[in-house]
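Peer 1: Kindly generate the corresponding structure for this input.
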Amino acid sequence: MTRSILIALAVLSLSACKTETVALPQPVEMSAEAVGYYCQMDLLEHDGPKGQIHLAGLLAPIFFSQVRDTIAYLHMPEQSHAVEVAYVQDMADAASWAKPGAWIAADQAIYVVGSDQMGGMEASEFVPFSSKAAAVAFTKRHGGTLLRFEDITAQDVWAAAAVEPAPSNQSDIANRLRALAPKDRTN
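Peer 2: As a prediction, the model looks like this:
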């Protein structure tokens, strides 16, 4: 074999060993156009940490008004696109509940579940921290327990999302739907 063929084979064999890593999308700062995936409300009008998920094939992330909603989405089997990365706002470096901290990868956070702090939609929240010490300090002020991302189950998410039944003076869903139906509709 000639020297050039040996060099070419060496280069090819070395390039075959090279592992390629795909850069994950970086977190996107929220603007006035950022609305919650479920509620379609302006996220800047709600206090507490938020979440964002980057999906394969989409140019922009989907945002969530609460971290609990972000994690709920990740537990749903019927997603339309593959999840590339999810981010939540770190409360370890937050200026206040109204001004959450920097974005961190959701799977790297430690969560306080069951505290007295309500999320952006005034519902139970999963409060994310990059520091276990900060999370423990938070529980001393607001209660709750610590969970790692991989330990959060779908049951944890749905239990936190449980709502109280509507007061008895409100109509049931069937009556509300009948009221919305056109009056001249024939069956």
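Peer 1: Which residue is the nearest non-sequential neighbour of the residue most central in space within the chain?
Peer 2: What sits nearest the mean C-alpha location of the chain, by C-alpha atoms, centre = their mean, is residue 70, with 2.3 Å. Once flanking residues are discounted, residue 70 sits nearest to residue 51: 2.7 Å by C-beta to C-beta, 6 or more residues apart in numbering. No exception for glycine: its C-beta is placed from N, CA and C like everyone else's.
Peer 1: Do a quick rundown of the strands in the protein.
Peer 2: Using DSSP state E, the strands of the chain run over 51-55, 62-64, 83-89, 103-105, 110-118, 124-129, 145-148.
Peer 1: Now do the fifth one: which elements does it pack against?
Peer 2: Okay, so that is strand 110-118. strand 124-129, helix 132-142, strand 145-148, helix 154-161 (3 or more C-beta pairs under 8 Å, 6 or more residues apart in numbering; DSSP states H and E).
Peer 1: before we move on, what about the third one?
Peer 2: With contacts defined as 3+ C-beta pairs under 8 Å, 6+ apart, strand 83-89 has these neighbours: strand 51-55, helix 67-75, strand 103-105.
Peer 1: With respect to residue 37, which of those lies nearest?
Peer 2: helix 67-75 (7.0 Å; C-beta to C-beta).
Peer 1: residues of that closest one that come out buried?
Peer 2: Buried residues in helix 67-75, counted by 16 or more other C-beta atoms under 10 Å: 67-74.
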